[in-house]
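J.: Predicted model follows, preceded by the sequence.
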Amino acid sequence: MALAVYRGFNTINNNFGGSKITDTELIKRDLLNHFAIRKGEKLMNGEFGTSLRDLIMDPLTDETKDLVIQEVDTVIQSDPRIVSDGITLDEFENGLQIEMAIRYVTTNEVETLQILFDRPDREAE
């Protein structure tokens, strides 16, 4: 068994088991955490995070698509452990689906991740 290159902790869906995660699982969790934080929410680092939750409320014009893809690419580029191999964007009934192919730098392995961003229910407002 190879030694882990990256080591970290995860408390999401933990069920009181071990919280240590390594390598690709850690990178994926860090990436998803980055997408879950809105810009300005992280203490002492107001530029961290994304504006994606704000952009999903805009009509999906070519300009909005470009902004979303640019935000996703910026997040991927901010992590030196991965490289983008392509980003696609699709609209679905309740929001946006972002599909990104990422290449892990240490293993050269490519994985496709999908993230759904749901629009808030407008009737509940």
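T.: Okay, I see it.

J.: For stretch 41-56, measure first residue to last.
T.: With Cα to Cα, to the nearest Å applied, stretch 41-56 spans 18 Å between its terminal residues.

J.: If you count neighbours, what's buried in it?
T.: 48-50, 52-53, 55-56 (16 or more other Cβ atoms under 10 Å). Every residue, glycine included, has its C-beta placed from N, CA and C.

J.: Of those residues, which pair is most distant in space?
T.: The two members of the buried residues of stretch 41-56 with the most space between them (Cβ to Cβ) are Phe48 and Ile56, at 19.3 Å.

J.: And Gly40, how far from Asp90?
T.: 27 Å (Cβ to Cβ, to the nearest Å).

J.: just how off-centre is the biggest helix by length in the chain within its chain?
T.: Assignment by DSSP state H gives helix 62-77 as the longest helix of the chain. Distance, stretch centre to chain centre, for helix 62-77: 11 Å (Cα atoms, centre = their mean, to the nearest Å).

J.: ditto for stretch 79-92
T.: The answer for stretch 79-92 is 8 Å, by Cα atoms, centre = their mean.

J.: Since that was my last question, I'll sign off now.
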